[in-house]
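Asker: I would like the atomic coordinates for the input below:
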Amino acid sequence: MEINNNCERLLLEEQRKISLTQVSSVDGFNEEILRLTIKNKKVVIKGSGLKIAQFDKGNGNFIAEGNIYQIIFMGEKKPIMKKIFK
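Answerer: The predicted model follows:
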């Protein structure tokens, strides 16, 4: 499966390898969960035996391998004061 969205690219190969572009940071990871930021949006990847195979912060290319069960895209994180004072 391949998804392109505003120059962001996600490629999932047989639920065993995931490639993403424009990743600005890896916010946390272990063998069951990867937390990433792409253009101020959070992405969570869940699975088992997950490991980061490649991450180049300079160009944003990211590759992880393992058994991938779920990919969650979250909206842009807004400061709490903006939420309170709409």
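Asker: just the helices in this structure please.
Answerer: Taking DSSP state H as the test, the helices found in the chain are 80-84.
Asker: show me the shaky parts of it.
Answerer: Counting by pLDDT under 70, the chain contains low-confidence ranges at 1-7, 76-86.
Asker: strands of that one, start to end?
Answerer: 2-5, 8-13, 17-20, 23-29, 33-38, 41-56, 61-76 (DSSP state E).
Asker: how many other residues sit next to the residue nearest to residue 46 when sequence neighbours are not counted?
Answerer: Among residues not flanking residue 46 along the chain, residue 70 sits closest, at 4.2 Å (Cβ to Cβ, 6 or more residues apart in numbering). Using the backbone N, CA and C atoms, a C-beta is placed for each residue, glycine as well. By other Cβ atoms under 10 Å, the residues close to residue 70 number 9.
Asker: next: the one 4 residues further on.
Answerer: As a burial measure, the neighbour count of residue 74 was computed by other Cβ under 10 Å and equals 11.
Asker: was I right to think it contacts residue 40?
Answerer: No. The criterion here is Cβ atoms under 8 Å, and residue 74 misses it with residue 40 at 10.5 Å.
Asker: show me what residue 64 bridges to in the sheet.
Answerer: On the basis of DSSP bridges, residue 64 is bridged to residue 18, residue 52.
Asker: now do the contacts for it.
Answerer: By Cβ atoms under 8 Å, 6 or more residues apart in numbering, the contact set of residue 64 is 17, 18, 34, 45, 50, 51, 52, 53.
Asker: please apply the same query to residue 20.
Answerer: 8, 9, 10, 11, 36, 38, 43, 60, 61, 62, 63.
Asker: need the buried ones from those residues selected in ChimeraX.
Answerer: Command for ChimeraX that selects the buried part of these, burial taken from 16 or more other Cβ atoms under 10 Å:
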select :8,10,36,38,43,60,62,63
